[in-house]
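K.L.:
Structure of the sequence below:
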Amino acid sequence: MRSGRRLTSVGTAVFIAAGIIYYLINGNLGREEKTFGQNDAVVVSVHDGDTIKVKYEGRTESVRFIGIDAPELDQEEWGKKAQERLYSLIPPGSVVTLEFDLTKRDKYGRLLAYIFTRDGKFVNELMLRDGLAMLYTFPPNVKYTEKFREAQRYARENMLGIWGKNGLSMSPQDFRKSHKK
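P.N.:
This is a model prediction of the structure:
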């Protein structure tokens, strides 16, 4: 009989603790704490399929997505399609979370980041999975390479976006090389 009561007490305690955690996680914190975290930024504009401008730490910054390379804006129809998809995921005014890897800026001074929406969508991965970007890694920023490789494999196997019929004829990197300004 005693062990049954003890089990009930432990079960009740676990249930209460789970309820408190659920309450804290699901929006019942103070509004200030919930709306803006340490690496949160507000999207100012969507430049193309792998670069955005954000308001971060009081400054407007360009952010280049780590691990992906989207078609250039003037690269067939795919550059515009990639930009439009990114815009639909994180339109201006959206709050996103920036996750940095080992190298925080590229040689152009842009922030390098993994981008997450407020509801937890991993935007870099979605662009690959939708077939609107290619895997593009630069060590040491390789934290999600395997996840990205799987997302690209999914798009290729399902012939999505640039991997489908009438897909991209040249990689974004090769396109940039052949269209130097």
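
K.L.:
Please count neighbours and contacts with C-alpha atoms only from this point.
P.N.:
Noted.

K.L.:
Show me the chain divided up by domain.
P.N.:
The chain breaks down into these domains under automatic domain parsing: 2-32, 36-178.

K.L.:
Need these in a markdown table (columns: mean neighbour count).
P.N.:
Below are these laid out as a markdown table (neighbours: other Cα atoms under 10 Å):
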| stretch | mean neighbour count |
| --- | --- |
| domain 2-32 | 11 |
| domain 36-178 | 18 |
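
K.L.:
Lowest mean pLDDT across the ones you listed, which one is that?
P.N.:
Across the domains of the chain, the stretch with the lowest average pLDDT is domain 2-32; it has a mean of 43.

K.L.:
just so I have it, where are all the strands in the chain?
P.N.:
For the chain, the strands defined by DSSP state E cover 40-46, 51-56, 59-65, 67-69, 95-99, 111-117, 134-136.

K.L.:
Ok, which of those strands comes nearest Ala155?
P.N.:
Ranking these by proximity to Ala155 (Cα to Cα) places strand 134-136 first, at 9.8 Å.

K.L.:
Please name the strands paired to the closest one in the sheet, noting orientation.
P.N.:
Strand pairing for strand 134-136, using DSSP bridges, gives strand 67-69 (antiparallel).

K.L.:
Contacts for the partner strand next, please.
P.N.:
Outside strand 67-69, the residues that touch it by Cα atoms under 8 Å, 6 or more residues apart in numbering are 49-50, 124, 127-128, 133-138, 141-142, 144-145, 148, 172-173.

K.L.:
circling back to that earlier point, with distance to Ala155 added, can I get the strands of the chain in TSV?
P.N.:
TSV is the format used below for the strands of the chain (distance: least, Cα to Cα, whole Å):
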stretch	distance to Ala155
strand 40-46	23
strand 51-56	21
strand 59-65	18
strand 67-69	13
strand 95-99	24
strand 111-117	19
strand 134-136	10
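
K.L.:
Nearest to His179 among the ones you listed would be which one?
P.N.:
strand 67-69 (15.9 Å).

K.L.:
Work out the gap between that closest one and the centre of the chain.
P.N.:
What separates the centre of strand 67-69 from the centre of its chain is 11 Å, taken as Cα atoms, centre = their mean, to the nearest Å.

K.L.:
same thing with stretch 174-181?
P.N.:
Relative to its chain's centre, stretch 174-181 lies at 26 Å (Cα atoms, centre = their mean).
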